[in-house]
Each structure stands twice: as structure tokens, then as C-alpha cells.
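*Asks:* need coordinates for the following:
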Amino acid sequence: MEEFHFKCIVTGPPCVGKSSLLLQFCEKEFSAELDTTVGVEFQSKTMELDSTYKIKLEIWDTAGQESFRSITNNYYRGAHIALLVYDITNRQSFQYLGSWLEEISQMSGENIVTLLIGNKSDHNDRRVVKVEEGERFARENNILFIETSAKDNTNVEKAFEDATRQVVKLIKEGKMVVVNKKPQTVSLNQKEDPKQQQQQKKSGCC
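*Replies:* Reported below is the predicted structural model:
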């Protein structure tokens, strides 16, 4: 089985459920009382694609608050995947996606697979951002799109799989260069030290 090692950044405005998505993906759990991420937190998970590829994901959960942006920006370097999350029940979280996408491009370069995630689809009765709006934004910016619910585990695994599958596809097409082995690492920009320190949590929203 072919092995890869990818770095994934989960980013976006505060309180859209980024930490909840990561908890559901890595631990198959949901908590409505997660602390606010302060700076950056790290988790890892190994997954298989099509019984052909074994993927180790380094996942960095970044704080959405403006006061931590100077800290979290450093963690974009060397990322292969960016999950850009907004809340379908919060119009403001959608309105500023353009600036977040620009930040991803500036800090990581253009050779990164970005997946737009409309989270909290379980609150469809409170929806203020239509599916079509998310699809349009993704199409106009040439990125992937999916809606998820961290609470009921809708499309959470699929979101990570879709982004990872796209990276593997680009490698196989020769559009990303593979360096090193055991695990293999994709060379996009600068490498990130996997032993880099992460920040700790404090109380607040998820």
C-alpha cells in the first residue's frame, strides 16, 4: 500500500465548528461545550483510500480570532490541504470568506488543495446561507465544496477524504512533486516541522 504524509490546516472564522469537525473526524465524538482554540492545536489520523493509499494526516486546528492571526499564519507553511469552514446559520461567517481564502493563498501559495465547508447542516431550519451560495463561491474560486454537520457526523469523513483524494490525484498527474519516502511528503512550499509547539485551549465557544 502506497503511503503519504500530508499536512492539513483547518481554518475560518471563530465559532463555526472547526474544533467540532476535528473531534468528530479523529475521535467520533461531539461536544457542544468545546473550548475556543487559542493559537493552534494539533491532531493526527491515519486513513486509507480505496485500499490503495495509506494517508497520515497532520491536522492543525487554527484559531479564528483576529488576535491570534499572527500566530496561526505561521502554520500555513508547507500545508497540502486547507479546510475553510463557515457556519450556514451565520451570514457574517460566509461574507468574509474571500479574505480567508486570500490569506490561504498568501501564506501557503496557490498549490494547495482548498475545500470549502459549510458546517452545521443539522440546523437547516436556521439556515441563512443557501447551498447554492457555497457552491457558487467554490466554483468561482476553483476550490472544492461540501456541507457537513459535526453534530450528527454528516459528511465529516467525506470532507477529509475528498480533499486528500484530490491531493493524491494531483500527485499522480504530476502537478505536485513527491519527495522523501516513509512517509512520503509532498513538496509545495516550505516544510513544516511536525514537532513544532502548539498553543493550549482556554474557555469559550467551539
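*Asks:* what's the distance between the longest helix along the chain and the middle of its chain?
*Replies:* Secondary structure of the chain read by DSSP state H shows that its longest helix is helix 156-172. Relative to the centre of its chain, helix 156-172 is centred 11 Å away, using CA atoms, centre = their mean, to the nearest Å.
*Asks:* same question, stretch 42-49
*Replies:* Relative to its chain's centre, stretch 42-49 lies at 13 Å (CA atoms, centre = their mean).
*Asks:* that stretch - what's its average pLDDT?
*Replies:* The average pLDDT within stretch 42-49 is 91.
*Asks:* CA atoms only for that stretch - export them in PDB, please.
*Replies:* These are the backbone C-alpha positions of stretch 42-49, laid out as PDB (Å, rounded to 0.1, in the frame of the first residue of the first chain):
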ATOM      1  CA  PHE A  42      -2.600  19.600  16.600                       C
ATOM      2  CA  GLN A  43      -4.000  16.100  16.000                       C
ATOM      3  CA  SER A  44      -3.100  13.300  13.600                       C
ATOM      4  CA  LYS A  45      -5.000  10.500  12.000                       C
ATOM      5  CA  THR A  46      -4.200   7.700   9.500                       C
ATOM      6  CA  MET A  47      -6.700   6.800   6.900                       C
ATOM      7  CA  GLU A  48      -6.900   4.600   3.800                       C
ATOM      8  CA  LEU A  49      -8.200   5.500   0.400                       C
END
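*Asks:* if we can go back for a sec, tell me the buried residues in the longest helix of the chain?
*Replies:* For helix 156-172, the neighbour count (16 or more other CB atoms under 10 Å) marks 156, 159-168, 170-171 as buried. In short, each C-beta sits where N, CA and C put it, glycine included.
*Asks:* what comes up buried for the helix or strand containing Trp60?
*Replies:* Using DSSP states H and E, Trp60 sits within strand 53-62. The neighbour-count check on strand 53-62 (16+ other CB under 10 Å) flags Tyr53, Ile55, Leu57, Glu58, Ile59, Trp60, Asp61, Thr62 as buried.
*Asks:* tell me what that strand is packed against?
*Replies:* In terms of contacts (3 or more CB pairs under 8 Å, 6 or more residues apart in numbering; DSSP states H and E), strand 53-62 is packed against strand 2-11, helix 18-27, strand 40-49, helix 156-172.
*Asks:* angle of the longest one against strand 2-11?
*Replies:* Per axes from the mean of the first three to the mean of the last three CA atoms, to 10 degrees, the angle that helix 156-172 makes with strand 2-11 is 120 degrees.
*Asks:* coming back round to it: reformat the buried residues of strand 53-62 as a markdown table; add pLDDT and distance to Ile88.
*Replies:* Putting these into a markdown table (pLDDT from 0 to 100; distance: CB to CB, whole Å) gives the following:
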| residue | pLDDT | distance to Ile88 |
| --- | --- | --- |
| Tyr53 | 95 | 31 |
| Ile55 | 95 | 28 |
| Leu57 | 95 | 25 |
| Glu58 | 93 | 28 |
| Ile59 | 93 | 22 |
| Trp60 | 90 | 24 |
| Asp61 | 86 | 20 |
| Thr62 | 76 | 20 |
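*Asks:* ok, those residues vs Ile81, which is closest?
*Replies:* Of all the buried residues of strand 53-62, Ile81 sits closest to Leu57, with 7.8 Å by CB to CB.
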